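Undergrad: The sequence and its predicted three-dimensional model are supplied below.
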Amino acid sequence: MKTLSKVFLFAPLFAFLLLSCSGDDDTDALVKEGGSFEISELAGNWEATSATFNDGNMLSVNIIDEGGSVSMSVQSSGKFTLTIDPSDRPSYTVSGEMFWEKWEGKYYFAIEWAAYPGDWDTYGATLTASTFTINGGFESGEYDFDNDGTFETASIGFTFVRV
């Protein structure tokens, strides 16, 4: 009976170790290079030519079209500060870190917002010598559409030029 109880005790432990110690090189990873550009290439200051928030229903705002501004400062590590200055309310700043999420052999541009540590979203992103675009799906950002002090979930779309 003691032998049988040892089998029931060690078999699950062995199975756990076997499954968790895979030699697969294609595991999830958060990296600074490997995507369509290196994160360090974003280092510098950026000014938005378009900054859209959309709630997925009826509310949409383009901060730039309404007379506001959006600027971003990025470190070579991918850490950034984004300053949003709508024309109808005080400006505010958000920050986070950009990286590539490697998943199943592909790289997806991702942002971890400082307000939500350990949680990140993936975005569409392109970079040329002078332009950087980010587009996210629903719940990829937040905006206070009715200016009541409560931010609502939104999709985001930014186009930046290097300054």
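TA: Yes, it's here. Numbering: from 1, shown residues only.

Undergrad: neighbouring contacts of the one helix or strand Ala110 maps to?
TA: Here Ala110 sits within strand 106-113, counting by DSSP states H and E. Applying CB atoms under 8 Å, 6 or more residues apart in numbering, the contact partners of strand 106-113 are 30-31, 34-36, 94-101, 118-125, 134. For the C-beta atoms, the positions are set from N, CA and C on the backbone; glycine is no exception.

Undergrad: Tell me the buried residues in that strand?
TA: For strand 106-113, a neighbour-count test (16 or more other CB atoms under 10 Å) marks Tyr107, Tyr108, Phe109, Ala110, Ile111, Glu112, Trp113 as buried.

Undergrad: what residue lies at the spatial centre of this protein?
TA: Ile111 (1.7 Å; CA atoms, centre = their mean).

Undergrad: pLDDT weak spots in this structure?
TA: 1-29 (pLDDT under 70).

Undergrad: the strands in this protein, which residues?
TA: For the chain, the strands defined by DSSP state E occupy 29-31, 44-54, 60-62, 69-74, 79-85, 92-103, 106-113, 121-127, 131-135, 141-143, 152-162.

Undergrad: List the strands paired with the second one, with their directions.
TA: Strand 44-54 pairs in its sheet with strand 60-62 (antiparallel), strand 69-74 (antiparallel), strand 152-162 (antiparallel), by DSSP bridges.

Undergrad: Pretty sure Ile39 sits against Lys32.
TA: Yes. Counting by CB atoms under 8 Å, Ile39 does reach Lys32; the two are 4.3 Å apart.

Undergrad: Of those two, give the one with the bigger neighbour count.
TA: Each of Ile39 and Lys32 has its neighbours counted (other CB atoms under 10 Å); Ile39 has more, 24 against 15.

Undergrad: So which bits of stretch 108-128 are buried?
TA: So stretch 108-128, judged by 16+ other CB under 10 Å, has buried residues Tyr108, Phe109, Ala110, Ile111, Glu112, Trp113, Trp120, Asp121, Thr122, Tyr123, Ala125, Leu127.

Undergrad: meant to ask about stretch 63-73
TA: Going by neighbour count (16+ other CB under 10 Å), the buried part of stretch 63-73 is Ile63, Ile64, Gly68, Val70, Ser71, Met72, Ser73.

Undergrad: would CSV of the residues you listed with distance to Phe138 be doable?
TA: Listed next are the buried residues of stretch 63-73 as CSV, based on distance: CB to CB, whole Å:
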residue, distance to Phe138
Ile63, 19
Ile64, 21
Gly68, 22
Val70, 20
Ser71, 25
Met72, 22
Ser73, 27
